[in-house]
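*Asks:* Attaching a predicted model along with its sequence, questions to come.
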Amino acid sequence: MIFKQIRHEPLAQASYILGCPRAREGVVVDPIADLGADFYVLEAADLGLDVIAVLETHVHADFVSCARELADVTGAPHRLHEAARGLVRYDFAPLTDGESIRVGQVEITALHTPGHTPEHCAFLVIDHARADEPWCVLTGDSLFVGDVGRPDLLVGDQALDVMDEGERAATQFASIHDRLFTLPDHVEVFPNHYGGSTCGGVNMSGKPASTIGFERRFNLALRQPDAEAFARFVRETAKPFPDDYRRIKSINLGLTQAVR
């Protein structure tokens, strides 16, 4: 399996390229417009891969996505969870919970993990060339190393926000415990953000990867006894809001155009 974590340090953001060297095919996950669509095409080409799908864990609020542009450039489908229907103002190829995408020997399965946003997905990765057990999971903005994604990045439009902050926090607590923390301890955790990002709280580690077992034992937010205590802990340990997040979310929803 080809696996590349691409870190954009100014925003402490991580995007990913995964692929199969035999099939010479790959997918890009959560591409950022600060780097641009051409960057990901060239990175994939350097790895010997054609991009066959562009995946997003969710509609982002802290950086402008270039997923739609990358899909247009490559002719690959833009994949979001089906819960984004009615929220975004553009066409995409919907993902369902449990749906798998095969890229040669690599299998990527969508796990619906709502909370940070209603459409949020994690992507569980198996490299069948080595084993039929899961190797890693891309957790987006749900589970971070040492922390969790904040549930309070609301747009301020009731039709778009769907759930309020409290509902999001309770749903996120359940998603992580009932979906991600049921994975084997050895599964590696690769999130969208690491230390320095304002998408998590003060306990977010600068380490850009972890394991399910380590986070289950030592993630302070997720050691809270129940969803109410979790929501309170996340609120009390939150960093300042990301700069201009409502405008960024509006662009990523397709409500407004990015200014180049």
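*Replies:* Yep, that arrived.

*Asks:* what's the first-to-last distance across stretch 88-99?
*Replies:* From its first residue to its last, stretch 88-99 covers 21 Å (Cα to Cα, to the nearest Å).

*Asks:* what distance separates that stretch from the middle of the whole chain?
*Replies:* Taking Cα atoms, centre = their mean, to the nearest Å, one finds stretch 88-99 lying 14 Å from the centre of the chain it belongs to.

*Asks:* which of the residues in that stretch are buried?
*Replies:* Across stretch 88-99, burial judged by 16 or more other Cβ atoms under 10 Å covers 88, 92, 95, 99. For the C-beta atoms, the positions are set from N, CA and C on the backbone; glycine is no exception.

*Asks:* try stretch 50-64
*Replies:* Result for stretch 50-64 [16+ other Cβ under 10 Å]: buried residues 51-63.

*Asks:* same deal with stretch 202-221?
*Replies:* Buried residues in stretch 202-221 (16+ other Cβ under 10 Å): 203, 204, 205, 208, 210, 211, 212, 215, 216, 219, 221.

*Asks:* cool, and stretch 96-111?
*Replies:* Buried residues in stretch 96-111 (16+ other Cβ under 10 Å): 99, 101, 103, 104, 105, 106, 107, 108, 109, 110, 111.

*Asks:* what's the offset of it from the middle of its chain?
*Replies:* That offset, for stretch 96-111, works out to 15 Å (Cα atoms, centre = their mean).

*Asks:* go on, stretch 168-180?
*Replies:* 15 Å.

*Asks:* before we move on, what about stretch 17-33?
*Replies:* With Cα atoms, centre = their mean, you get 15 Å for stretch 17-33.

*Asks:* Would you mark the buried spots in it?
*Replies:* 17-21, 24-33.

*Asks:* now swap in stretch 164-172 and tell me
*Replies:* 165, 167, 168, 169, 170, 171, 172.

*Asks:* my guess is the second one is in a helix, correct?
*Replies:* Spelled out, that is residue 167. Yes. Residue 167 forms part of a helix when assessed by DSSP: H, G, I helix; E, B strand; the rest coil.

*Asks:* Can you tell me which of the buried residues of stretch 50-64 comes closest to residue 135?
*Replies:* residue 55 (16.8 Å; Cβ to Cβ).

*Asks:* just to revisit the earlier point, any chance of the buried residues of stretch 50-64 in a markdown table, with pLDDT too?
*Replies:* Shown next, in a markdown table, are the buried residues of stretch 50-64 (pLDDT from 0 to 100):
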| residue | pLDDT |
| --- | --- |
| 51 | 98 |
| 52 | 98 |
| 53 | 98 |
| 54 | 98 |
| 55 | 98 |
| 56 | 98 |
| 57 | 98 |
| 58 | 96 |
| 59 | 95 |
| 60 | 95 |
| 61 | 92 |
| 62 | 93 |
| 63 | 96 |
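
*Asks:* Could you report the neighbour count for residue 1?
*Replies:* The number of residues packed near residue 1 is 19, by other Cβ atoms under 10 Å.

*Asks:* Now it. Nearest residue, chain neighbours left out?
*Replies:* Of all residues not flanking residue 1 in the chain, residue 127 sits nearest, at 4.0 Å (Cβ to Cβ, 6 or more residues apart in numbering).
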